[in-house]
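*Asks:* Please work out how this folds:
(2 chains)
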Amino acid sequence: EAQVTQNPRYLITVTGKKLTVTCSQNMNHEYMSWYRQDPGLGLRQIYYSMNVEVTDKGDVPEGYKVSRKEKRNFPLILESPSPNQTSLYFCASSSGHRNQPQHFGDGTRLSIL
Amino acid sequence: GDSVTQMEGPVTLSEEAFLTINCTYTATGYPSLFWYVQYPGEGLQLLLKATKADDKGSNKGFEATYRKETTSFHLEKGSVQVSDSAVYFCALRLNSGGYQKVTFGTGTKLQVIP
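*Replies:* Below is the predicted model of the structure:
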C-alpha cells in the first residue's frame, strides 16, 4: 500500500530537548516536504527536498533542520524546541512534476512545554 | 510572493444545499492548482486538480475550473451530504527558478447538518 509514514504521532516534550520526527515514503517519490498546520494559518511549508541531498527552505524554516540522505526518508529535526513550535506537523511526498498532487502522512502533534 | 486566499469559514449548510468555496491565487509563474480535503484527525487527501487554464477538475461530485483571467479556482458541489463535513484547502504548486514551492490557503471548514 502506498503510504507516507510519520513517527511519532504524538509527542509532549520540554523546551530545549532535541527531537526528531521521522518521515518515510514507499512510492519512490523525488519530492518530499514538511508542513506545519496552525489554526487560522492553514498549512505552511517548512522545508522541502527535490531529491537526495537537495533541500530548500519553505516559508517558515526558522528553528528546524532537515536532511535527505536516502530517497525514502526525510526527517524533521528540532535542535532546541520552543513553545512556539507547538503545532500539528505533516510530511508529504510526490513525484517531482508540478502537476502531481502530494500524498500526506497522518500528522504528528507536537506539544512543547 | 505566491499566495492563496480562501473564503473564511466555517461554512454551515443543510444537506442537499449548493456549495461554493472561493479560492483566488497570486503566482509569479504558471501554477498547477489543487483542492485537498482533511477529515477530522486525518491528513490531507487530494480532492481534485487542474493543471492549465480552463481545465476542470472533478471528483465525488465536486468541481473546480482553473480561471487564469480571474486567477481563481472555486470549489463547487451541487448537493452536499453530511459526509462532506471536513476542512477544504486550496493549494498551488509552481516551478520557478529551479525551486518548487507549494502554497496552501488557510482552509475552509464545512459543516453539513441533516
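*Asks:* Now do the closest residue in space to residue A:7 that isn't next to it in sequence against chain B, distance only.
*Replies:* Distances taken as CB to CB, 6 or more residues apart in numbering or on different chains place residue A:22 nearest to residue A:7, at 5.0 Å, with adjacent residues excluded. C-beta: built from backbone N, CA, C; applies to glycine. Remark: distance between residue A:22 and chain B (CB to the nearest CB, to the nearest Å) = 15 Å.
*Asks:* Validate this expectation: residue A:22 resides in a strand.
*Replies:* Yes. Assessed by DSSP: H, G, I helix; E, B strand; the rest coil, residue A:22 belongs to a strand.
*Asks:* List of residues touching whichever strand or helix holds residue A:12?
*Replies:* Counting by DSSP states H and E, the element that carries residue A:12 is strand A:10-13. Strand A:10-13 is contacted from outside by A:19, A:21, A:81, A:108, A:109, A:110, A:111, A:112, A:113, using CB atoms under 8 Å, 6 or more residues apart in numbering or on different chains.
*Asks:* just the strands in chain A please.
*Replies:* A:4-7, A:10-13, A:19-25, A:31-38, A:42-51, A:54-57, A:65-66, A:76-78, A:87-94, A:103-104, A:108-112 (DSSP state E).
*Asks:* which other helices and strands contact the fifth one?
*Replies:* In terms of contacts (3 or more CB pairs under 8 Å, 6 or more residues apart in numbering or on different chains; DSSP states H and E), strand A:42-51 is packed against strand A:31-38, strand A:54-57, strand A:65-66, strand B:86-96, strand B:99-104.
*Asks:* Pull the second one out as PDB, backbone CA atoms only.
*Replies:* Put plainly, it is strand A:54-57. Below are the C-alpha coordinates for strand A:54-57, written out as PDB (Å, rounded to 0.1, in the frame of the first residue of the first chain):
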ATOM      1  CA  VAL A  54      18.800  18.600  -2.300                       C
ATOM      2  CA  THR A  55      16.800  20.600   0.300                       C
ATOM      3  CA  ASP A  56      15.500  24.100   0.400                       C
ATOM      4  CA  LYS A  57      13.700  26.400   2.700                       C
END
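*Asks:* Tell me how many other residues surround residue 68.
*Replies:* Using chain A. By other CB atoms under 10 Å in any protein chain shown, 20 other residues sit near residue A:68.
*Asks:* actually chain B
*Replies:* Neighbours of residue B:68 (other CB under 10 Å): 12.
*Asks:* Distance check, the closest residue to it other than its chain neighbours against residue B:32.
*Replies:* Excluding its sequence neighbours, the residue lying closest to residue B:68 (CB to CB, 6+ apart) is residue B:53, at 3.9 Å. Plainly put, residue B:53 is 11 Å away from residue B:32 if you go by CB to CB, to the nearest Å.
*Asks:* So which of those two has more stuff around it?
*Replies:* residue B:32 (21 against 11).
*Asks:* Which strand residues bridge that one?
*Replies:* residue B:93 (DSSP bridges).
*Asks:* got a list of what residue 54 touches?
*Replies:* Picking chain A for this. Residue A:54 makes contact with residue A:68 under the criterion CB under 8 Å, 6+ apart.
*Asks:* you looked at the wrong chain, it should be chain B
*Replies:* Residue B:54 sits in contact with B:65, B:66, B:67, B:68, where contact means CB under 8 Å, 6+ apart.
*Asks:* give the contact list for the residue nearest to the second one when sequence neighbours are not counted.
*Replies:* Which is residue B:66. Residue nearest to residue B:66 in three dimensions, not counting chain neighbours: residue B:50, with 3.9 Å by CB to CB, 6+ apart. Applying CB under 8 Å, 6+ apart to residue B:50 gives the contacts B:32, B:33, B:56, B:57, B:64, B:65, B:66, B:73.
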